[in-house]
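Chemist: Below is the sequence, then the predicted model.
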2 protein chains.
Amino acid sequence: MPRWTEIVSGLPATVPFVGPEAQERRMGRRFSARLGANESVFGPSPKAVEAMQKAAAGLWMYGDPESHDLRHALAQHHGIKAENIVVGEGIDGLLGTLVRLLVGPGTPVVTSDGAYPTFNYHVASVGGALTKVPYRDDAEDAQGLAKAAQSTNAALVYLANPDNPMGSWISAGQIAELISALPPDTLLCLDEAYCDFAPRGAIPPLDVTAENIVRMRTFSKGYGLAGARVGYAIGAETTIRAFEKIRNHFGMNRLAQIGALAALEDDPHLRSTIFRVRQSLANIGEIAGENGLRALPSATNFATIDCGRDGAFARALVAALAEAGVFVRMPFVAPQDRCIRISAGRPQDLKVLRDALPKALAAIR
Amino acid sequence: MPRWTEIVSGLPATVPFVGPEAQERRMGRRFSARLGANESVFGPSPKAVEAMQKAAAGLWMYGDPESHDLRHALAQHHGIKAENIVVGEGIDGLLGTLVRLLVGPGTPVVTSDGAYPTFNYHVASVGGALTKVPYRDDAEDAQGLAKAAQSTNAALVYLANPDNPMGSWISAGQIAELISALPPDTLLCLDEAYCDFAPRGAIPPLDVTAENIVRMRTFSKGYGLAGARVGYAIGAETTIRAFEKIRNHFGMNRLAQIGALAALEDDPHLRSTIFRVRQSLANIGEIAGENGLRALPSATNFATIDCGRDGAFARALVAALAEAGVFVRMPFVAPQDRCIRISAGRPQDLKVLRDALPKALAAIR
């Protein structure tokens, strides 16, 4: 047997998420509504699609390892320097790199209990010591995270704002308080995958002088390019430079870089997506209400639906919805696991949901 | 300052390779012939291009984290099981994962001196202790690698066959001898990126019962999809399963999976590429000969040209060729750095090379 590292030997062969395709293969049929992965069913900008189609024949060339054009466009977009940005294979990929930069065996790390499993997965892969802080009123508990970071002397704290899976958000002021309460050499990873959908006041202004904050952004949500795998991290130049030490420099797909650049330049498409998401979430809220369930306020592109019972009930509902052709997911940890999570959909997707939900509820009651 | 791990703190912010785009930006103009990265300038299968163009609008969906369809097609292609294959973001990405599975601080690792720098980069990122075995007659020294693995008790040995950057190859028999001489729990990573161009007898039959051999393959070379970032590792089920513990499950671009599948199914295109590569390498050999240089035998899609002088001369020639619009690269380590490395090109690329080479040589002599 190969000599796996001690850490690897102790790890299970786990997957943070099972993809909808695997479920479809198991069921032997396709989902009618794909509303489980917070993808943007409204699609990417047609300009991004066209740019990738045009460039497809040139895919014999490696992508630019510096993602120069995309980074410079992002820098201009955000009013920062290209040196404040590193592009990677989605936030998932960047989280892996960031974790490996900061975490070794036993390194204290703090996150919320029930937050993004892929972060926890990366921490486990290097043997970090993860402390999980419970949610407070279905939102991430900034004070609790600060206290845990202090008491464990964490090297890294993870906070998603707006939050996944609860759709909740905390204010920029609360984040500033968290930052000021952290040990001076603790790095805060602020995952802002859903920032395009957040209300004013939730997203702190970009401060690229702070060496101990990394902001994660993505083209997977608002820009509708989840399958392209393009994320980026924003931070101080010195902090971003550290990624260059260990990242997979030639990891970026060439078309993905081209598509993301075209998507970034199509702001009207992003605005239209945000508008359609808001409409859709209102409709999902109505559908939930018609069925005696309650949609929590959302600062994201998904609705978290309080099913009013326990995790077993919500899990049964997710399974019954899958049976009825609707792919949704749910929080993993109690008491948030009383909820299910439904991504914004087009009218045709919500029609499927409207038909399926009462039937699924009837089936499990 | 963030609390970078001790290993990271000791690492330089280095890049295994500078991309041609960065050189173009520095020069202020485009290369006329892009022959430095062993890309397939003959392009991917038109069927792959069409498949990706058709699927581009669906890029709002994450790719299947299991790469089910591609893995199953590959399994059929190779006459093995899908469980013997893991798909990743190019061989570069898979090498990173494999290294992290086996290598921690001080873990002994063996490679050839002057072989693939990205492998060394990944080993350095986890603090492995790398032993480099010199080439022998411009080829990887299987016996030397075996001896170094024994004396260091290496957990991991890297061997590229056919070799990059020398274009040379060793026989399947030599590889079998190497395997039998390795400590029983040493894993051999056999990088076969260039296998499509190799002569009969260089590629050992696939043996997926051996737990301590991982074969790396890619769509970047013969299939002309370098920018898609699709590689795969072949091994025993138990060995492949270990990748599931730490790999970035959602790292694969959706179009890349679709393009690679279509490319795999277009065997005539691959055959045509191999044919054109052989023709091109013969022509590059003629051009070299006309200029008093000598092309070494190649089992790859590039020609390694012995310039007959030292590394400084070859480096000057690479720079002079860049000045003249031709992107090429060269080996890093003496005495192999007496050579330059020119990827196979189309007639129009070779025309540029034919014009540029004598001028570049004249300029530096």
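Modeler: Sure, I can see it. Numbering: from 1, shown residues only, chains lettered A, B, ... in the order given.

Chemist: Now do residue A:1: how many residues are near it, please.
Modeler: By other CB atoms under 10 Å in any protein chain shown, the residues close to residue A:1 number 13. C-betas here are computed from N, CA, C, even on glycine.

Chemist: The residue of the stretch 101-250 of chain A found nearest chain B: what's its closest spatial neighbour, skipping adjacent residues?
Modeler: Using CB to the nearest CB, the closest approach of the stretch 101-250 of chain A to chain B is made by residue A:227 at 3.1 Å. Beyond its immediate neighbours in the sequence, the residue positioned closest to residue A:227 (CB to CB, 6 or more residues apart in numbering or on different chains) is residue B:254, lying 3.1 Å away.

Chemist: Likewise for residue A:64?
Modeler: What sits nearest to residue A:64 in space, not counting adjacent residues and going by CB to CB, 6+ apart, is residue B:21, at 4.2 Å.

Chemist: Pull out the buried residues from the helix ranked longest in chain A.
Modeler: Secondary structure assigned by DSSP state H gives helix A:267-290 as the longest helix of chain A. Applying a neighbour-count criterion of 16 or more other CB atoms under 10 Å in any protein chain shown, one finds A:269-270, A:273-274, A:276-277, A:280-281, A:283-285, A:287-288 buried in helix A:267-290.

Chemist: which stretches of the stretch 101-250 of chain A form strands?
Modeler: Per DSSP state E, counting those that start in this stretch, the stretch 101-250 of chain A has strands spanning A:108-112, A:129-133, A:156-160, A:187-191, A:213-218, A:231-234. These are given in chain order.

Chemist: can you list the ones you listed in CSV and add distance to residue A:321, mean pLDDT and mean neighbour count?
Modeler: Supplementary listing: these in CSV, determined by distance: least, CB to CB, whole Å; pLDDT from 0 to 100; neighbours: other CB atoms under 10 Å in any protein chain shown:
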stretch, distance to residue A:321, mean pLDDT, mean neighbour count
strand A:108-112, 26, 98, 26
strand A:129-133, 28, 98, 18
strand A:156-160, 24, 98, 27
strand A:187-191, 27, 98, 24
strand A:213-218, 26, 98, 25
strand A:231-234, 29, 98, 24
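
Chemist: will you turn these into CSV that also has distance to residue A:260?
Modeler: What follows is the strands of the stretch 101-250 of chain A, written out as CSV (distance: least, CB to CB, whole Å):
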stretch, distance to residue A:260
strand A:108-112, 27
strand A:129-133, 31
strand A:156-160, 21
strand A:187-191, 18
strand A:213-218, 10
strand A:231-234, 9
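
Chemist: Pipe those strands into TSV and attach distance to chain B per row.
Modeler: Below are the strands of the stretch 101-250 of chain A laid out as TSV (distance: least, CB to the nearest CB, whole Å):
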stretch	distance to chain B
strand A:108-112	10
strand A:129-133	14
strand A:156-160	8
strand A:187-191	4
strand A:213-218	9
strand A:231-234	11
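
Chemist: Among the ones you listed, single out whichever gets nearest to residue A:250.
Modeler: Within the strands of the stretch 101-250 of chain A, the stretch nearest residue A:250 is strand A:231-234; the backing value is 16.5 Å (CB to CB).

Chemist: all helices in the stretch 101-250 of chain A, in order from the N-terminus.
Modeler: Defined through DSSP state H, counting those that start in this stretch, the helices belonging to the stretch 101-250 of chain A, from first to last, are A:117-125, A:142-152, A:172-181, A:237-246.

Chemist: and the third one, anywhere near chain B?
Modeler: If I follow you right, that is helix A:172-181. No - applying CB under 8 Å from any CB of the partner chain, one finds that helix A:172-181 is not in contact with chain B, the shortest distance being 13.1 Å.

Chemist: just checking, residue A:60 touches residue B:38?
Modeler: No - using CB atoms under 8 Å as the test, residue A:60 is too far from residue B:38 to be in contact (10.7 Å).

Chemist: Up against chain B, what does the stretch 201-350 of chain A have?
Modeler: Applying the criterion CB under 8 Å from any CB, the portion of the stretch 201-350 of chain A that neighbours chain B consists of A:211-212, A:220, A:224-229, A:238-239, A:241-242, A:244-246, A:248-256, A:259.

Chemist: 7 Å - rerun?
Modeler: A:211-212, A:224-229, A:239, A:241-242, A:244-246, A:248-251, A:253-256, A:259 (CB under 7 Å from any CB of the partner chain).

Chemist: Narrow the residues you listed to those that are buried.
Modeler: Among those, those buried by neighbour count (16+ other CB under 10 Å) are A:211-212, A:224-229, A:239, A:242, A:244-246, A:248-251, A:253-256, A:259.

Chemist: Poorly predicted segments of the stretch 251-365 of chain A, please.
Modeler: For the stretch 251-365 of chain A, applying pLDDT under 70 flags no range at all.

Chemist: just checking, the residue nearest to residue A:64 touches residue A:65?
Modeler: No - in this structure, residue B:21 is not within contact of residue A:65 by CB atoms under 7 Å, at 8.2 Å.

Chemist: Same drill for those two, tell me which one is more crowded.
Modeler: The residue with more neighbours, out of residue B:21 and residue A:65 and counting by other CB under 10 Å, is residue A:65; that gives 23 against 20.

Chemist: and the more buried one, that one's in a helix?
Modeler: No - Residue A:65: not assigned to a helix; according to DSSP: H, G, I helix; E, B strand; the rest coil it is coil.

Chemist: can you give me phi and psi for it?
Modeler: Backbone dihedrals for residue A:65, given as degrees, to the nearest 10, come out at phi -60, psi -20.

Chemist: May I have the predicted confidence score for it?
Modeler: Per-residue confidence at residue A:65 stands at 97 (pLDDT).

Chemist: go on, the one 10 residues further on?
Modeler: Residue A:75 carries a pLDDT value of 98.

Chemist: and stretch A:89-103, anywhere near chain B?
Modeler: Yes - under the criterion of CB under 7 Å from any CB, chain B is reached by stretch A:89-103 at A:89, A:90, A:92, A:93, A:96, A:101, A:102.

Chemist: May I have the strands that pair with whatever helix or strand comes next after the longest helix of chain A, each with its orientation?
Modeler: As assigned by DSSP states H and E, the chain's next helix or strand after helix A:267-290 is strand A:294-295. When pairs are called by DSSP bridges, strand A:294-295 turns out to pair with strand A:302-306 (antiparallel).
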